[in-house]
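Undergrad: from the sequence below, what's the structure:
(one chain, ligands or ions: 2)
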Amino acid sequence: MRSTTGWQADGSTGALRRVSIPRRDLRRDDVAVRVDHCGVCHSDLHALRAHRGGDAPALVPGHEFTGVVTETGPDVTRFRVGDPVAVGNIVDSCGECAMCAAGQENFCRDFPTLTYGGADRHDGSTTLGGYSREYVLRDRFAYPLPAGLDPAAAAPLMCAGITVWEPLRALGVGPGTRVAVSGLGGLGHLAVKFAAALGAEVAVVTRSADRADEAARLGAHDLVVSTDPDRMAAARDRFDVLIDTIPVPHDLGPYLGLVAVDGTLSHLGHLGTVTVEAMDLLVGRKKLSSSGSGGRPATAAMLDFCAAHGITADVEVLPSARVAEALERLERNDVRHRFVLDLSDLS
Ligand SMILES: [Zn+2]
Ligand SMILES: [Zn+2]
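TA: Ligands and ions are numbered 1, 2, ... in the order given. Predicted structure coming up:
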């Protein structure tokens with residue numbers, strides 16, 4: 001066993017404390033990564049909330065990070081020491097099921113091993129995430145970080161980015177597709193950038209009209225104000241694809257109303273029970289879909305696309321010692337558009 005420093009949740013209060021955490025010695029196909037930047041995801045908030053007061057296993061959040069390879073196992077051929085890499089929210093999968101064979105490791109029948117709060121497939125230990133200075137993982141789930149992408153701003157591509165990229169591609173978004181994006185947080189702002197770069201006609205659906213400039217800056221062509229009944233009515237049945245990234249429970253009815261005949265609402269931001277009126281789907285043969293993370297081929301393709309189009313997240317970088325502030329501000333939606341922790345203060 002080796003060790004590193006990370007931010008681990010205190011079992012009773014849920015507050016993150018800087019502690020020494022274990023990392024495994026490298027297996028034959030492992031790489032060790034010095035974590036330089038890690039995004040702060042809504043899932044981290046949920047995990048910390050769920051962890052509070054319980055006697056659950058140790059929790060170190062963080063599942064979208066970039067860094068540099070510092071050591072490789074003897075069987076690793078894809079990476080060398082010094083290579084910049086990116087890691088997302090999956091660090092292993094069974095590799096044998098139909099989903100893994102199809103490059104959809106995110107849907108592995110045996111459930112993928114999550115970057116934190118997962119169970120290691122060899123020793124059963126609980127995985128500890130990227131709010132730490134070092135991570136050890138199977139090389140298959142590390143991705144070369146393309147040159148030209150800022151490492152801090154690229155970190156959120158690995159969870160927020162891939163979570164919107166895969167459905168956009170699967171739904172055939174391209175030139176001429178009419179896409180709406182609801183929610184302008186980490187996922188939403190990247191969905192707007194991706195859809196615009198794919199050639200789609202993009203609108204942002206938001207509660208307040210004062211985000212028009214921001215939406216335009218991200219590449220959106222239009223804004224639909226969800227609190228304005230006239231503008232919602234005018235946008236009825238208008239979008240082939242609606243990417244819903246709102247991270248809290250909400251009524252899908254008004255959003256389904258914006259979807260065109262045979263169009264799809266992709267519900268990505270909130271993982272929980274949804275209630276849908278069948279009539280909201282029936283009228284217009286509309287489809288409701290969901291998705292999360294992405295397989296290895298899609299993740300690699302997304303990084304290539306980002307390099308080709310110069311796309312990264314809009315980030316606010318904070319030293320990791322200010323993680324509590326980042327979480328607290330994320331909770332009240334006070335971020336444009338993603339916090340990224342700089343882990344160099346853990347050295
Ligand atoms: Zn995430
Ligand atoms: Zn599998």
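
Undergrad: which elements pack onto the longest helix along the chain?
TA: Using DSSP state H, we find that the single longest helix of the chain is helix 296-309. Helix 296-309 sits against strand 142-144, helix 160-170, helix 186-197, with contacts defined as 3 or more C-beta pairs under 8 Å, 6 or more residues apart in numbering; DSSP states H and E. All C-beta atoms are positioned from the backbone trio N, CA, C, and that covers glycine.

Undergrad: what angle do that helix and helix 160-170 make?
TA: 100 degrees (axes from the mean of the first three to the mean of the last three C-alpha atoms, to 10 degrees).

Undergrad: after helix 296-309, heading C-terminal, what element do we hit next?
TA: strand 315-319 (DSSP states H and E).

Undergrad: roughly how far is that next one from the heart of the chain?
TA: When distances are taken as C-alpha atoms, centre = their mean, to the nearest Å, strand 315-319 is centred 17 Å away from the chain's centroid.

Undergrad: ok, and what's touching it?
TA: For strand 315-319, the external contacting residues (C-beta atoms under 8 Å, 6 or more residues apart in numbering) are 37, 39, 152-153, 155-156, 325-326, 335-342, 344-345.

Undergrad: confirm residue 265 sits in a helix?
TA: No. Counting by DSSP: H, G, I helix; E, B strand; the rest coil, residue 265 is not found in a helix; it is strand.

Undergrad: how long is stretch 260-277 from one end to the other?
TA: Taking C-alpha to C-alpha, to the nearest Å, the first and last residues of stretch 260-277 lie 17 Å apart.

Undergrad: buried ones in the least confident helix or strand in the chain by mean pLDDT?
TA: Taking mean pLDDT, DSSP states H and E as the measure, the helix or strand of the chain with the lowest value is helix 42-51, at a mean of 92. Within helix 42-51, the residues that count as buried by 16 or more other C-beta atoms under 10 Å are 42-45, 47-48, 51.

Undergrad: in helices, which of the contacts of strand 315-319 appear?
TA: 152-153, 325-326.

Undergrad: now, the most widely separated pair of those residues?
TA: Maximum pairwise distance in the ones in helices among the contacts of strand 315-319, criterion C-beta to C-beta, is 19.5 Å, between 153 and 325.

Undergrad: which one of those two has more residues nearby?
TA: For residue 153 and residue 325, the more surrounded residue by other C-beta atoms under 10 Å is residue 153, and the numbers stand at 20 against 11.

Undergrad: for the more buried one, what are its contacts?
TA: Going by C-beta under 8 Å, 6+ apart, residue 153 touches 312-315, 340.

Undergrad: how does it look with 6 Å?
TA: 312-313, 315 (C-beta atoms under 6 Å, 6 or more residues apart in numbering).
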